[in-house]
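[1] sequence-free structure coming up:
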């Protein structure tokens, strides 16, 4: 099926596009908090560790701007899908919201890895 023109009723498309843009803004604000508040404070704590960081944590600490960039793409795609009423743009926007959510979850996972390793070494399990 070709995506040649806008559908007859554009309200649902614009509504979903607006919701995707809003979710992108929320995830973007949170990833900005991670990049500029949470990760720098943890970076200072990780310096005191006498061991090397797991590779995923080192990647997140080094490239803390990456979730913010993905969230910015999500907001742009959400606004574009609300303005340009196409199914392809709506699908792209939904996929980018999912990607942004996964990036935030992966960032949290990576930041928790050193703490889990420390707790396991203390408890001896």
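    Great, that's in hand. Model, not experiment: these values are computed from the prediction. Residues are numbered from 1 along each chain as shown.

[2] CA atoms for contacts and neighbours, from now on please.
    Noted.

[3] so is residue 64 in a helix, a strand, or just coil?
    Per DSSP: H, G, I helix; E, B strand; the rest coil, the secondary structure class of residue 64 is coil.

[4] tell me the contacts of it?
    34-35, 39 (C-alpha atoms under 8 Å, 6 or more residues apart in numbering).

[5] repeat that for residue 46.
    By C-alpha under 8 Å, 6+ apart, the contact list for residue 46 reads residue 53.

[6] any idea whether it is helix, strand or coil?
    Going by three-state DSSP: residue 46 is helix.

[7] quick check: next helix or strand after the helix or strand containing residue 58?
    Using DSSP states H and E, residue 58 falls within helix 55-62. Counting by DSSP H and E, the next helix or strand C-terminal to helix 55-62 is helix 66-83.

[8] please state the offset of that following helix from the chain centre?
    In terms of C-alpha atoms, centre = their mean, to the nearest Å, the centre of helix 66-83 is found 10 Å from the chain centre.

[9] what helices and strands are in contact with it?
    Contact here means 3 or more C-alpha pairs under 8 Å, 6 or more residues apart in numbering; DSSP states H and E; on that basis helix 66-83 packs against helix 11-33, helix 87-123.

[10] let's go with 10 Å and repeat that
    Applying 3 or more C-alpha pairs under 10 Å, 6 or more residues apart in numbering; DSSP states H and E, one finds that helix 66-83 contacts helix 11-33, helix 55-62, helix 87-123.

[11] compute the inter-axis angle for it and helix 87-123.
    160 degrees (axes from the mean of the first three to the mean of the last three C-alpha atoms, to 10 degrees).

[12] tabulate the contacts of residue 64 (CSV), appending pLDDT, neighbour count and distance to residue 58.
    Conversion of the contacts of residue 64 to CSV gives the following (pLDDT from 0 to 100; neighbours: other C-alpha atoms under 10 Å; distance: C-alpha to C-alpha, whole Å):
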residue, pLDDT, neighbour count, distance to residue 58
34, 90, 20, 15
35, 89, 21, 14
39, 91, 20, 11
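
[13] now distance to residue 49 too, for those residues, in JSON lines please.
    Formatted as JSON lines, the contacts of residue 64 follow (distance: C-alpha to C-alpha, whole Å):
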{"residue": "34", "distance to residue 49": "20"}
{"residue": "35", "distance to residue 49": "20"}
{"residue": "39", "distance to residue 49": "15"}
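
[14] before I go, just wanted to say thanks for your time.
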